[in-house]
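In: test case, fold it:
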Amino acid sequence: MFVTLPDLNVHVRLDGPPGAPALLLLHSLGTSSDIWDGMTEALSRHFRVIRPDMRGHGLTGVTPGPYTIEGLAADALAVLDVLGVGTAHVAGVSIGGLIAQAMALRAPDRLLSVALIDTAPVFPSETSWRERAATVRASGLAGMADTVMARWITPAGLETPAARGLRQIFLRTDPEGYASACEALAVSDLSARLHAVTLPALVVVGEDDPSTPVAAARTLAEALPSARLVVLSRASHIPTVERPDAVAQVLLDFLVPTGDDEMAPDLYAVGMGVRRAVLGTAHVERSTTRITAFDRYFQTFITRTAWGQVWSRPQFDRRTRSIVTLALLAGLGCEEEFALHVRASRNTGCSDEDIAELLLHVAVYAGIPKANGAIRCAKEILAEMAAEKNG
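Out: As a prediction, the model looks like this:
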């Protein structure tokens, strides 16, 4: 599909259930969203996977350069806005990882976590990137294809169908888009600001990567307050193409708890992100400003448990959890909370028809009076939301 930003038409691929937690995947320089193909099926079982083509790359439009990393981060956030996604996990390869870092600094409340793959906070040197941009504008990409591929893929993997396809993706990249992104890399250095990225973070690197070697990845992980490092064997700079199954498993191990006793690195941060996505940022901000010493621990408790441990689990997508929650609240006669979650249904993919259907079950299993009261409340809230939308 395509979405339109003020100055750009962006190609975006969407996979996975609409109500699932969002996972934004950002590709590397000179490639496209295709580099995630080998792992999308595994990731989309748990997430709403969002794969945009970067400005000047893939099927996204090309605008004159130079670009900036901050501008590319703004593009990614704008795509989430257009798709109605409040918060997301973000993973990026190479320049995509640098963009993810910039997003975490620019809008930390929008990100649930970051996975930084074969990347760094700075890619030296400015001179070499400017020279490369000038060369590509003058002569195109074909002349550097062999050199680039030798840095992206290990020698053992260069003749695989996936590597040959990666070469074709590189050769079809628009020269202006590539050169303009080179100019963004030339002037970007986030090293001094990384301490401010307190989100749960994963750093992944191919053990044979000459562009962002293991030592650079270790430095990146040490600079992030909540990061862990994974080194992938038999992989170079684009492991999503060379070892997609391994990268997918590493991401799932990081993003999806597998046992009852396994917890996310920061349940409060994860819970707050899910809470904002479901209930809406405005509601959460209002609730937060009303917290006093009397209920501070209670608010922390429900954010960590209800939102950080239960609503964030992958077994149910958000639409399903919304339906279950509405049915339980209606059956218990919790009208205020029921009304809150009727409003939240617009953020979870739960439709008016879903609400009407679940209330039939409430009538059968919890009693007609409970269902009748919930129907009255739902009709009022849905009418108010319709009026707000039209007015």
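
In: ok, the nearest residue to residue 280 once chain neighbours are set aside - how many residues close by?
Out: For residue 280, ignoring the flanking residues on the chain, the nearest one in space by C-beta to C-beta, 6 or more residues apart in numbering is residue 347 at 6.3 Å. (Each C-beta comes from the backbone N, C-alpha and C, glycine too.) Using other C-beta atoms under 10 Å, residue 347 has 18 other residues around it.

In: thought residue 347 was touching residue 279?
Out: Yes: with contacts defined as C-beta atoms under 8 Å, residue 347 counts as touching residue 279 at a distance of 7.4 Å.

In: any shared contact partners between those two?
Out: Taking C-beta atoms under 8 Å, 6 or more residues apart in numbering as the contact criterion, no residue touches both residue 347 and residue 279.

In: what's in contact with the longest helix along the chain?
Out: Longest helix in the chain, counting residues (DSSP state H): helix 368-390. With contacts defined as C-beta under 8 Å, 6+ apart, helix 368-390 is touched by 329-333, 335, 338-339, 342-343, 346, 352, 355-356, 359-360, 362-363.

In: 6 Å instead?
Out: Residues from elsewhere that reach helix 368-390 (C-beta atoms under 6 Å, 6 or more residues apart in numbering): 330, 331, 333, 335, 338, 339, 342, 352, 355, 359, 362, 363.

In: neighbour count for the residues you listed - can I get that in a markdown table?
Out: Formatted as a markdown table, the contacts of helix 368-390 follow (neighbours: other C-beta atoms under 10 Å):
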| residue | neighbour count |
| --- | --- |
| 330 | 28 |
| 331 | 20 |
| 333 | 14 |
| 335 | 15 |
| 338 | 23 |
| 339 | 17 |
| 342 | 25 |
| 352 | 15 |
| 355 | 24 |
| 359 | 21 |
| 362 | 23 |
| 363 | 17 |
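
In: in a markdown table, list these along with secondary structure, distance to residue 275 and pLDDT.
Out: Below are those laid out as a markdown table (DSSP: H, G, I helix; E, B strand; the rest coil; distance: C-beta to C-beta, whole Å; pLDDT from 0 to 100):
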| residue | secondary structure | distance to residue 275 | pLDDT |
| --- | --- | --- | --- |
| 330 | helix | 21 | 96 |
| 331 | helix | 23 | 95 |
| 333 | coil | 23 | 94 |
| 335 | helix | 20 | 94 |
| 338 | helix | 17 | 96 |
| 339 | helix | 17 | 95 |
| 342 | helix | 16 | 95 |
| 352 | helix | 23 | 93 |
| 355 | helix | 21 | 96 |
| 359 | helix | 24 | 96 |
| 362 | helix | 24 | 96 |
| 363 | helix | 30 | 96 |
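
In: could you single out the nearest of those residues to residue 2?
Out: Closest to residue 2 out of the contacts of helix 368-390 is residue 352 (28.2 Å), distances taken as C-beta to C-beta.

In: just give the nearest non-adjacent residue to that closest one, would you?
Out: Nearest residue to residue 352 in three dimensions, chain neighbours excluded: residue 382, at 5.9 Å (C-beta to C-beta, 6+ apart).

In: quick one: pLDDT of that neighbour?
Out: With respect to pLDDT, residue 382 scores 94.

In: in stretch 78-93, which of the residues would be classed as buried?
Out: Buried positions in stretch 78-93, judged by neighbour count with 16 or more other C-beta atoms under 10 Å: 78-80, 83, 85-93.

In: show me what the helix or strand of the chain with the lowest mean pLDDT is packed against.
Out: In the chain, the helix or strand scored least confidently by mean pLDDT, DSSP states H and E is helix 267-279, which has a mean of 81. On a contact count with 3 or more C-beta pairs under 6 Å, 6 or more residues apart in numbering; DSSP states H and E, helix 267-279 meets helix 335-348.

In: now do 10 Å
Out: Counting contacts by 3 or more C-beta pairs under 10 Å, 6 or more residues apart in numbering; DSSP states H and E, helix 267-279 packs against strand 88-93, strand 111-117, helix 281-289, helix 296-302, helix 318-332, helix 335-348.

In: output the fourth one as CSV, nothing but the C-alphas.
Out: Which is helix 296-302. Only the C-alpha atoms of helix 296-302 are listed here, as CSV (Å, rounded to 0.1, in the frame of the first residue of the first chain):
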residue,chain,number,x,y,z
ARG,A,296,0.7,6.4,43.1
TYR,A,297,1.6,2.7,43.9
PHE,A,298,-1.8,1.5,42.6
GLN,A,299,-1.2,3.3,39.3
THR,A,300,2.2,1.8,39.0
PHE,A,301,0.9,-1.6,39.9
ILE,A,302,-1.8,-1.6,37.2
